[in-house]
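1. no FASTA, just this:
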């Protein structure tokens with residue numbers, strides 16, 4: 001990385017700084033080396049809130065429980081332990097469901113790749129208890145989507161109701177959510193890794209590079225290492241890296257020695273060098289991730305530096321994703337991630353009818369095609385009707 005460049009981290013709270021100091025320690029022995037001034041005037045309630053918000057409390061607890069550091073109040077360790085235990089049970093529950101769904105889909109000739117969840121925790125951290133996951137994310141071919149839905153409904157899942165006009169989901173969405181009320185498990189079926197217009201490999205290409213997990217007895221498949229890294233980077237960037245968990249994933253994968261030669265062709269093909277540079281800058285600055293000169297070259301672009309600095313405002317807070325994405329600042333940030341061609345593609349997608357048009361003006365279903373010419377007028381109408 002460019003040694004003459006560093007992020008402005010002056011806005012980070014002392015609680016977040018301490019959290020980062022603990023996260024970037026190599027092992028629990030190193031926690032004792034964290035300077036005493038880092039612990040001065042810490043609001044431990046805020047510290048715990050940040051650990052939970054960033055979903056890093058399992059890793060924080062695993063380090064602190066062994067460190068026996070008397071600078072950490074006992075109630076902090078106890079609170080972290082309770083959350084750690086709850087998360088471990090959740091990950092075990094998801095692991096069992098992951099295996100059952102894999103078997104069901106495979107028996108019905110549906111290929112599936114797990115994007116996140118226990119399989120990723122085991123792959124990246126070597127222990128499912130060290131990473132959190134609220135649901136299971138599965139990628140399948142869009143041609144298998146209808147059959148996959150039938151299977152999930154048959155075993156008790158309920159589909160989230162989403163308004164739809166002229167199959168708008170194909171253009172505005174990249175996944176659909178299902179929920180099992182008895183098991184209290186949420187499952188997302190993806191037909192794309194990311195929403196349009198971001199570039200990404202086709203499903204068959206990802207399937208060719210798949211890996212099999214050692215976590216379960218029945219074969220469970222996940223993305224190849226290079227595909228997983230780029231997916232996690234694109235996902236984290238799109239969400240403004242508002243959870244440190246995603247940066248920790250990148251940090252852990254790089255520490256395991258991913259080869260730049262293997263990933264460079266994919267970076268060039270799918271035009272995400274700027275996003276990779278952003279992720280590398282953030283992990284290097286916040287977590288002190290070591291990277292060789294080859295990786296460092298990817299951080300040299302001014303665009304990567306700019307969007308890395310812009311992400312700090314999302315990282316330092318505890319706002320929800322809904323709050324973040326509704327802000328004007330996020331909309332500006334989101335546009336800055338895209339290439340000019342992607343911006344143009346996104347502009348074209350804006351002209352595709354949406355469920356909002358249906359609410360604004362009801363048209364009989366056989367005449368839904370009229371929403372195409374009507375959409376610009378309906379959008380203007382909604383804007384003028386908004387209260388000032």
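-> Looks like it came in fine. Everything quoted here is computed from the prediction, not taken from an experiment.

2. So for stretch 239-246, mean pLDDT?
-> Here stretch 239-246 scores 96 as its mean pLDDT.

3. what does that stretch rub up against?
-> 19-20, 23, 53-56, 131-132, 232, 235-236, 247, 279, 282, 286, 311, 314-315, 317, 319, 321, 324, 330, 333 (Cβ atoms under 8 Å, 6 or more residues apart in numbering). Backbone N, C-alpha and C define where each C-beta goes, glycine included.

4. Which of these fall in helices?
-> Among these, the members found in helices (DSSP state H) are 19-20, 23, 53, 232, 235-236, 247, 279, 282, 286, 311, 314-315, 321, 324, 330, 333.

5. Would you list the buried entries among these?
-> Listed as buried from the ones in helices among the contacts of stretch 239-246 are 19-20, 23, 53, 232, 235-236, 247, 279, 282, 286, 311, 314-315, 324, 330, 333; burial here means 16 or more other Cβ atoms under 10 Å.

6. show me where pLDDT drops low in the stretch 1-150 of the chain?
-> Where the stretch 1-150 of the chain drops to pLDDT under 70, the residues are 1-4, 27-29.

7. cutoff 90 now
-> Across the stretch 1-150 of the chain, the ranges flagged by pLDDT under 90 are 1-6, 24-40, 63-72.

8. in it, which spans are helices?
-> In the stretch 1-150 of the chain, the helices defined using DSSP state H, counting those that start in this stretch lie at 14-23, 44-53, 57-67, 74-107, 118-125, 145-154.

9. For residue 138, find the nearest of the ones you listed.
-> Residue 138 lies closest to helix 74-107 among the helices of the stretch 1-150 of the chain, at 7.2 Å (Cβ to Cβ).

10. these two touch, right, residue 21 and residue 37?
-> No - if you go by Cβ atoms under 8 Å, residue 21 and residue 37 don't touch, sitting 10.7 Å apart.

11. Flag every buried residue along stretch 329-346.
-> Along stretch 329-346, these residues count as buried under the neighbour rule (16+ other Cβ under 10 Å): 330, 333, 337-338, 342, 346.

12. domain parsing for the protein?
-> What the record gives for the chain is the domain set 224-339, 355-385, from automatic domain parsing.

13. which of those sits most buried?
-> Sort these by mean neighbour count, taking mean count of other Cβ atoms under 10 Å, and domain 224-339 sits at the top with a mean of 18.

14. For it, measure first residue to last.
-> Start-to-end span of domain 224-339 (Cα to Cα, to the nearest Å) is 25 Å.

15. ok, now stretch 61-72?
-> 11 Å.

16. mind checking how far that stretch is from the chain centre?
-> Its chain's C-alpha centre and that of stretch 61-72 lie 28 Å apart, by Cα atoms, centre = their mean, to the nearest Å.

17. Any buried residues in it, and which?
-> Within stretch 61-72, the residues that count as buried by 16+ other Cβ under 10 Å are 61-64, 67, 72.

18. Of residue 21 and residue 37, give the one with the bigger neighbour count.
-> Neighbour count, other Cβ atoms under 10 Å: between residue 21 and residue 37, residue 21 has more, with 17 against 8.

19. Now that one. Nearest residue, chain neighbours left out?
-> residue 34 (4.9 Å; Cβ to Cβ, 6 or more residues apart in numbering).

20. Then residue 79?
-> Residue 79 sits nearest to residue 48 (Cβ to Cβ, 6+ apart), 5.6 Å away.
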